[in-house]
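1. Requesting a structural model of the entry that follows:
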Amino acid sequence: MTDDIQNELDAPPELSLGDALSLALRLHREKAYEGAEELYRRIIEAAPGLADAHHFLGVLCHERGRSAEGIASIRRAIELVPDFPGFYNNLGNIHVQCGQLAEATACYGRAIELAPGDADLHNNYGALLKAEKRFEESAASFRRAMALDPDNVRAYNNMGLLHAALGQTAEAIRYYCESISRIPGHPEAHKLLGLTYYSLGRHEEAAEVFRQWVEVAPDHPVARHLHAACSGLGVPERAADDYVEYTFDRFASSFEEQLNHKLSYQAPQLCAAALARQVGERRGLSLLDAGCGTGLCGPLVAPRCTRLAGVDLSGGMLELAANKGVYTELAKAELTEFLLGGVGMWDVIMSADTLCYFGDLRRVVTAAAGALKNDGLLVFTVERAEDVDAPDGFRINPHGRYSHARGHVEEVIRAAGLELLEAGGDILRTEGGKPVQGLVVVARKP
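-> Have a look, this model is predicted:
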């Protein structure tokens, strides 16, 4: 916590409730979660009937990975003020992100009863209906949102996604284009349109969409990254720090629901199984979870470890990893630089689904080799590319991740002075209903 934030938290007790709540919201927006939560709780202690404080505390608890606590807090806000639609809407959003669709349906329905003219409520309800495959009702909700607010680009984007799910790509493109025409700099519409063109083999049009996005939003990290991915111009050696932070901070609260329940995510389990094959029943390991995200690997390997550290670029992800209660330490840092900061420290470095944000693996694998103890193990996954599709040993894909040829992986392992023990093919997850083929790699430092 910064000194400025601490000074504000130590402000005189005569600070009004309104000013205190405004300060808590500012801290919340700035992702100073610890300070925001402390202040929300102080406000509730002083004014237990203030519904807004319970509501915002609930949203924050969910963002910090404590969804059940967040739901209870928002329900308390509803008990205090039962006719405010925003409380039901945010509660519905949390239920959706937790995969609790029946509860979300009830929340959105009540919100719409209270505010039938709110376009965002109809849009959210339409997205829920789409998830339940109630496509005609979903389309009707999106049309209602657009009628109420013709510039509601989220509704246009969602209508495009609905048509895409039904295989109606021409209609999907029409809605994405309509969204861009209404708000030219809107990021999601450009991303959806560009990726749709690319999926149809219309690569030049995809690159042009991303070029136009860069033109109107030159500092947007996703625009820059996807333009490079589609055009092949200025392809970075690895995904930029701001791209990774932006992507995963926004994704943090729904990350595990998306990966585990919608994408059949297997990378952590595959890495843990590969480690078990090599070390058997060995305990007392010092293990670095490199690119730990929300901590999905942590519980799988913690029983083997006396020291279990995690490093990630996303503060939002680290908040959720801390809630797992298994890490002895967590650090916010770029992975290669973190590895270079400690020589001979780790028995195991494990990296599940992180090196897909690196192109050339030489530098990061060499840094990992230096950070391992003698006889230490490097365990990681990469998405697999065929040699013919990746003449440089790797390629960047239109979704923004890199895939790697087996030959490149073997080469960088040897160059780093490591012994390759395993490089088996497996399915890491599904994407767009199709399996994502990967390599599960284990190497040893002699």
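
2. in this structure, what spans have low per-residue confidence?
-> For the chain, applying pLDDT under 70 flags the ranges 1-14, 251-262.

3. That one - how does it break down into domains?
-> Listed domain ranges for the chain are 1-116, 258-444 (source: automatic domain parsing).

4. gap between the longest one and the chain center?
-> In this case it means domain 258-444. 17 Å (C-alpha atoms, centre = their mean, to the nearest Å).

5. How about the shortest one?
-> Relative to the chain's own centre, domain 1-116 is displaced by 22 Å; criterion: C-alpha atoms, centre = their mean.

6. all numbers from here: first residue = 27
-> Sounds good: first residue 27 from here, last item domain 27-142.

7. on contacts alone, who are the packing partners of the host helix or strand of Asn115?
-> Secondary-structure assignment from DSSP states H and E places Asn115 in helix 111-123. Counting by 3 or more C-beta pairs under 8 Å, 6 or more residues apart in numbering; DSSP states H and E, the packing neighbours recorded for helix 111-123 are helix 77-89, helix 93-106, helix 127-140, helix 145-157. Quick note: C-beta positions are derived from backbone N, CA and C, even for glycine.

8. ok, 6 Å please
-> If contacts are counted by 3 or more C-beta pairs under 6 Å, 6 or more residues apart in numbering; DSSP states H and E, helix 111-123 sits against helix 77-89, helix 93-106, helix 127-140.

9. packing partners for the first one?
-> Looking back up the chat, that one is helix 77-89. Using 3+ C-beta pairs under 6 Å, 6+ apart: helix 77-89 touches helix 59-72, helix 93-106, helix 111-123.

10. Tell me which residues are up against it.
-> Outside helix 77-89, the residues within contact range by C-beta atoms under 6 Å, 6 or more residues apart in numbering are 54, 62-63, 66, 69-70, 95-96, 99-100, 102-103, 106-107, 113, 116, 120, 279.

11. Restrict it to CA atoms and write it as CSV.
-> The C-alpha coordinates for helix 77-89 follow below in CSV (Å, rounded to 0.1, in the frame of the first residue of the first chain):
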residue,chain,number,x,y,z
ALA,A,77,-26.5,-0.3,1.3
ASP,A,78,-24.0,1.1,-1.2
ALA,A,79,-21.1,0.1,1.1
HIS,A,80,-22.3,-3.5,1.3
HIS,A,81,-22.8,-3.6,-2.4
PHE,A,82,-19.4,-2.3,-3.4
LEU,A,83,-17.7,-4.5,-0.8
GLY,A,84,-19.5,-7.4,-2.4
VAL,A,85,-18.2,-6.5,-5.8
LEU,A,86,-14.7,-6.2,-4.4
CYS,A,87,-14.8,-9.5,-2.6
HIS,A,88,-15.8,-11.2,-5.8
GLU,A,89,-12.9,-9.5,-7.7
